[in-house]
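> here is a sequence together with a model predicted from it:
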Amino acid sequence: MDQKLKIVLSVRLFTDEKCFGPGVATLLHKVEQLHSLRSAAMDMSMAYSKAWTIVKNAERELGFKLLDSTTGGRHGGGAVLTAEGRALLSAYDGYCAALRREADRMYEEFFGQFS
């Protein structure tokens, strides 16, 4: 059986500790879509406490807030990305897309003969 080679890249940002990567990005995209950290966590089959910890750890390492949250009440709570959170997520997505394009080009250059 012929197996097709492929390249798999993953981008993670670090300070002294890992602070941002594909998991945090997916979680933030879900918050953008669902307007709730709890709903985003549920959609990802993740405990809310784990999602909250992931966001708080990322915020601590990055030095800025990713989410603005409001607690429930008459109209319910919710969460939205901060301006810095949106900017970081946009930069991360753009960087990953550019990296994939360049990686595809380089893959063809170096491994095209094996595909």
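Nice, I can see it.
> which is the succeeding secondary structure element to the helix or strand of the chain with the lowest mean pLDDT?
Evaluated with mean pLDDT, DSSP states H and E, the helix-and-strand set of the chain has its lowest mean pLDDT in strand 67-70, which scores a mean of 90. Going down the chain from strand 67-70, the next helix or strand is strand 78-81, by DSSP states H and E.
> could you give the mean pLDDT of the following helix or strand past that following strand?
Past strand 78-81, heading to the C-terminal end, the next element that is a helix or strand (DSSP H and E) is helix 83-111. Along helix 83-111, the predicted local confidence has a mean pLDDT of 96.
> quick one on the thing from earlier: can you list the buried residues in the least confident helix or strand of the chain?
In terms of neighbour count (16 or more other CB atoms under 10 Å), strand 67-70 has its buried residues at L67. Yep, even glycine has a C-beta here, placed from its N, CA and C like the rest.
> contacting residues around I7?
103-104, 107, 111 (CB atoms under 8 Å, 6 or more residues apart in numbering).
> give me the buried entries from those residues.
When burial is judged by neighbour count using 16+ other CB under 10 Å, the buried members of the contacts of I7 are Y107.
> what residues does the least confident helix or strand of the chain touch?
Contacts for strand 67-70 (CB under 8 Å, 6+ apart): 28, 31, 37, 55, 59, 77-82, 85.
> what's the closest of these to D93?
The shortest distance between D93 and any of those, using CB to CB, involves L28 and amounts to 10.0 Å.
> how close does the closest residue in space to the closest one that isn't next to it in sequence get to R100?
In space, L28 comes closest to L89 once its chain neighbours are excluded; the distance is 5.1 Å by CB to CB, 6 or more residues apart in numbering. The spacing between L89 and R100, counted by CB to CB, to the nearest Å, is 16 Å.
> of the two, which one has the most company?
Just comparing L89 and R100: by other CB atoms under 10 Å the higher neighbour count belongs to L89, 19 against 14.
> tell me the contacts of that one?
For L89, the contacting residues are 25, 28-29, 32, 81, by CB under 8 Å, 6+ apart.
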